[in-house]
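**Student:** no sequence on this one, just coordinates:
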């Protein structure tokens, strides 16, 4: 089933949790936890997502290279400036269960 979501004036976390529930297949009456759902989600207008509070300045994304001194941080506003799709994609990815189906489920998410 195809779901189209307009992200205009929606909070990032609430939008991501709604998308994660749909992608997981929990809105479908034939939900099975061990099967890959066939629900697809298309999200549009991600440049109009609402960020509440001081998230643009205070929220940080961390990346560790594995070497001493290799911790890198980026603020949310810098990530949005470079790749706004990455913010929503990361939020939805982290809201799904960390199992073997997660990467396959994420292929059903299309961000425009």
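**Tutor:** Happy to help now that I have it. Quick caveat: nothing in here was measured; it's all calculated off a predicted structure.

**Student:** going by C-alpha atoms from here, please, whenever you check contacts or count neighbours.
**Tutor:** Noted.

**Student:** unless I'm mixing things up, residue 25 is touching residue 31, no?
**Tutor:** Yes. Assessed by Cα atoms under 8 Å, residue 25 is found in contact with residue 31 at 5.8 Å.

**Student:** give me the more crowded residue out of the two.
**Tutor:** Set residue 25 next to residue 31 and count neighbours by other Cα atoms under 10 Å: residue 25 wins out with 22 against 13.

**Student:** for that one, which non-adjacent residue is spatially closest?
**Tutor:** In this structure, residue 25 finds its nearest non-sequential neighbour in residue 37, 5.3 Å apart by Cα to Cα, 6 or more residues apart in numbering.

**Student:** now residue 70
**Tutor:** Nearest residue to residue 70, sequence neighbours excluded (Cα to Cα, 6+ apart): residue 64, at 5.6 Å.

**Student:** so which bits of stretch 15-31 are buried?
**Tutor:** The neighbour-count check on stretch 15-31 (16 or more other Cα atoms under 10 Å) flags 15, 16, 17, 19, 20, 22, 23, 24, 25 as buried.

**Student:** check stretch 45-63 too.
**Tutor:** Of all the residues in stretch 45-63, those buried under the rule 16+ other Cα under 10 Å are 46, 49, 60.

**Student:** which parts of the chain are strands?
**Tutor:** Assigned by DSSP state E, the chain shows strands spanning 2-6, 40-44, 60-64, 71-75, 109-111.

**Student:** the first one: which residues count as buried?
**Tutor:** Just to be clear, that refers to strand 2-6. Neighbour counts using 16+ other Cα under 10 Å place residue 5 of strand 2-6 among the buried residues.

**Student:** any residues in contact with both of residue 25 and residue 31?
**Tutor:** By Cα atoms under 8 Å, 6 or more residues apart in numbering, residue 25 and residue 31 have these common neighbours: residue 37.

**Student:** for the residue nearest the centre of the chain, give its distance to residue 110.
**Tutor:** Centroid check for the chain by Cα atoms, centre = their mean gives residue 92 as the closest residue, at 2.5 Å. The spacing between residue 92 and residue 110, counted by Cα to Cα, to the nearest Å, is 12 Å.

**Student:** what of residue 32?
**Tutor:** Counting by Cα to Cα, the gap between residue 32 and residue 110 amounts to 23 Å.
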